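Undergrad: Model the structure of this input:
(2 chains)
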Amino acid sequence: MQETETEPPTPPTAGPLGKATGGARPMRSPRASLIAGGLIAALLCAAAVCAPLIAPHDPVRQELSAGLEAPAPTHPLGRDKLGRDQLSRILYGARVSLAVGVITVFISLTIGLAVGLTAGYYGGAIDFWFMRVVDVLMAFPGILLAIAMSAALRPGLGTVVVALSVIGWTGYARLARGEVLGLRNREHVEAARALGSGDVRILARHILPLLAGPLAVQATFGLAGAIVAEASLSFLGLGVQPPTPSWGAMLNDGRAFLLIAPHLTLYPGLAVVIAVLGLNLLGDGLRDLLDVRST
Amino acid sequence: MVTYTLRRLALTVPTVLGVVVVVWLLIHLMPGDPVEVMLGETAARADRDTLRAQLGLNRPLAEQFSTYITGLASGDLGTSIHSRRPVAAVVAERLPATIMLTLAALAVAIAIALPAGIISAVRRGGATDRIALTASLAGVAIPNFWLGPMLIILFSLRLGWLPVAGSGTPAHLVLPALTLGIGAAGILTRMTRAAVLETLGEDYIRTARAKGLGELRVIPRHALRNALSPILTLLGLQVGSLLAGSVITETIFAWPGIGRLIVDGIYTRDYPVVQGCVLVIAIGTVLVNLATDLTYAWVNPRVRYGDAGN
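TA: Predicted coordinates:
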């Protein structure tokens, strides 16, 4: 969207990596969203970290004679076409999703914060040109640019992170810039300036801490967006490559067996839905708790 | 309004140029050799050199960019490596299917979200509100690459009501449109609810009610009309997301649009096609956003006056 000085009321948080999230504040209490979302996020982290300990089988061990086996006590979520255990692959898939999400958010946040702080604080030509770059990158819908980039590079974990970070930073830059514009002439900032503090010190000590809330909320939604984006790229064969388990790739593999083995599609997809739902709830709860306006 | 329109157009031109530059940079400044990516590491040197010359990658960067811009100005998006046809012609063939799918998905989103958002706002805090909010949250969280196969399992494989994939009849459009539209409906429901709630608290609504008007007149004629501006803006923004979402949805349902063309282009390493499609979708998104801004300013004078004042 072209930058308008008079923005429409309560626009949604349209993450550049995926579907828009947030928007209207729901009627749930912040505490309920926080608890539910935090619990799901904690389970996601636990699954990712403890996958080698809790996975019942080796996620890449094949047993072709048992391919497409339906859920059974020894393999509660069934087996894929190569006879690999679905549950173990989903648990290991959480590692990939979370790793891509966290690294992408970290890189995007770092770049976006640097650009947004600089543009908002210094204003003028720096602000104008930085924001034009942001406008151009935000003109690319959803993960389209990431798909094109992934196609131009070799598929893999690193490529996914680079592709998602290249578009992911713009949302943080715009958020940080907007916040700094409102903060740079506050009294405490003026006072610090009058006392001889340099720009870097003012930004780091007097402005950055005030951005923590909005950025934390944005990062939570960004993490959900990155998980969906990684799964989308893997679904198209542009993400993490076999035999590494990835929720998106598992879904794509299962598409050919919708009639005879729907569990291959059902469970990896549910994992994505639960992870995204949890992170969105957490973001909602954080936003309401910290009283962060929609951005 | 004329001044506002000119200002918006002036902002759009550099954005479109920027989009063109970014798409060009995609192939020219990426680390690694795009020719090697297209042909594979084991390709013969002669084949690589031929493709490099065909794509013009052996010429100086400035010359390549100049050729690219000149070609674009005359509608030349390059030539498909796979089919040897002009990319512009291939895109033009596929574009109507994507536009049809996007419009159908928007219709699905509106048909679900407007009633759900309004009822949710009017019955704020009640059971209906909670159900609508939970459903909208789920709609946002469910990715289309999962929803599509689930709808196929239910409506095509189990019930046998709709075709699994393909195109040609209105029935073929139903599942892709639902897959693409339900996510947008989730976001739109939340926005509609918020916008209607905001207007329900206004003085003129109280006045209308005090005059004895029933809810059936107050809600559509007073509340919804004034809540439409932000909803309209969100609808415009959703077009870009739907176009991006069409890449996966068209792949799942073998829908013959631009999205599937991109994926086919990726699998066959037909980079000019991928580049051309990405460019068309991005520029289309910029133009839809421009139209949204202008429509928003048209229905909401505060925007254009506020903008003129700045």
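Undergrad: Name the residues of the one helix or strand A:I40 maps to that are buried.
TA: Secondary structure assignment for A:I40, by DSSP states H and E: helix A:30-54. Under the neighbour-count criterion of 16 or more other C-beta atoms under 10 Å in any protein chain shown, helix A:30-54 has A:P30, A:S33, A:L34, A:A36, A:G37, A:G38, A:I40, A:A41, A:L44, A:A47, A:A48, A:A51 buried. The way it works is simple: take the backbone N, C-alpha and C, and place the C-beta from them, glycine included.
Undergrad: That one packs against which elements?
TA: Here helix A:30-54 touches helix A:86-122, helix A:263-289, going by 3 or more C-beta pairs under 8 Å, 6 or more residues apart in numbering or on different chains; DSSP states H and E.
Undergrad: looking at these, which is closest to chain B?
TA: Checking the helices and strands packed on helix A:30-54 against chain B by C-beta to the nearest C-beta gives helix A:263-289 as the closest, at 3.1 Å.
Undergrad: The stretch 151-295 of chain A: strands as residue ranges?
TA: Shown for the stretch 151-295 of chain A, no strands are assigned by DSSP state E, counting those that start in this stretch.
Undergrad: Show me which residues of it sit near chain B.
TA: Neighbours of chain B within the stretch 151-295 of chain A, by C-beta under 8 Å from any C-beta of the partner chain: A:151-154, A:224, A:228, A:231-232, A:235-238, A:248, A:251-252, A:254-255, A:258-259, A:262, A:265-266, A:268-270, A:272-273, A:276-277, A:280-281.
Undergrad: OK, contacts around B:P176?
TA: B:P176 is in contact with B:L101, B:A104, B:A105, B:G148, B:T249, B:E250, B:I252, B:F253, B:W255, counting by C-beta atoms under 8 Å, 6 or more residues apart in numbering or on different chains.
Undergrad: any idea how far it is from B:S167?
TA: 9 Å (C-beta to C-beta, to the nearest Å).
Undergrad: just B:A121 next, same as before
TA: Applying C-beta to C-beta, the value for B:A121 to B:S167 is 38 Å.
Undergrad: now A:A114
TA: 46 Å.
Undergrad: got it, and B:R59?
TA: Distance, B:R59 to B:S167, by C-beta to C-beta: 40 Å.
Undergrad: So for B:A121 and B:S167, which residue has more residues nearby?
TA: Remark: of B:A121 and B:S167, B:A121 carries more neighbours, 25 against 17, as counted by other C-beta atoms under 10 Å in any protein chain shown.
Undergrad: Let me know whether the more buried one touches B:R193 as I believe.
TA: Yes. Between B:A121 and B:R193 there is a contact under C-beta atoms under 8 Å: 4.6 Å.
Undergrad: any residues in contact with both of the two?
TA: Listed as contacting both B:A121 and B:R193 by C-beta under 8 Å, 6+ apart are B:D129.
Undergrad: Tell me who's in contact with the closest residue in space to A:A256 that isn't next to it in sequence.
TA: Nearest non-adjacent residue to A:A256, counting by C-beta to C-beta, 6 or more residues apart in numbering or on different chains: A:K81, 7.8 Å away. By C-beta under 8 Å, 6+ apart, the contact list for A:K81 reads A:G67, A:L68, A:D253, A:A256, A:F257, A:A261, A:L264.
Undergrad: Provide the backbone phi and psi angles at B:I81.
TA: Main-chain torsions, B:I81, degrees, to the nearest 10: phi -70, psi -30.
Undergrad: what pLDDT does the spatially most central residue of chain A get?
TA: Per C-alpha atoms, centre = their mean, the C-alpha nearest to the average position across chain A is that of A:L223, at 2.3 Å. Note on A:L223: pLDDT of 96.
Undergrad: same question, A:Q86
TA: For A:Q86, pLDDT reads 95.
Undergrad: Can you report how many residues neighbour it?
TA: By other C-beta under 10 Å, 27 other residues sit near A:Q86.
Undergrad: from memory B:T12 sits against B:L290, does it?
TA: Yes. Assessed by C-beta under 8 Å, B:T12 is found in contact with B:L290 at 5.0 Å.
Undergrad: Now do the shared contacts for B:P176 and B:S167.
TA: Between them, B:P176 and B:S167 share the contacting residues B:W255, judged by C-beta under 8 Å, 6+ apart.
Undergrad: now the helices for the stretch 151-295 of chain A?
TA: Assigned helices in the stretch 151-295 of chain A, in chain order: A:157-183, A:187-194, A:199-201, A:208-235, A:247-254, A:263-289 (criterion: DSSP state H, counting those that start in this stretch).
Undergrad: what about the ones you listed, which gets the closest to B:I142?
TA: helix A:263-289 (5.4 Å; C-beta to C-beta).
Undergrad: packing partners for the closest one?
TA: Helix A:263-289 makes packing contacts with helix A:30-54, helix A:86-122, helix A:208-235, helix A:247-254, helix B:127-141, helix B:144-151 when contacts are defined by 3+ C-beta pairs under 8 Å, 6+ apart.
Undergrad: Minimum distance to B:A184: which of the ones you listed has it?
TA: The stretch from the helices and strands packed on helix A:263-289 with the least distance to B:A184 (C-beta to C-beta) is helix B:127-141; that distance is 8.2 Å.
Undergrad: Compute the inter-axis angle for the helix or strand of chain A at the bottom of the mean pLDDT ranking and helix A:86-122.
TA: Every helix and strand of chain A was ranked by mean pLDDT, DSSP states H and E. The lowest is helix A:144-152, at a mean of 82. Interaxial angle of helix A:144-152 relative to helix A:86-122 (axes from the mean of the first three to the mean of the last three C-alpha atoms, to 10 degrees): 120 degrees.
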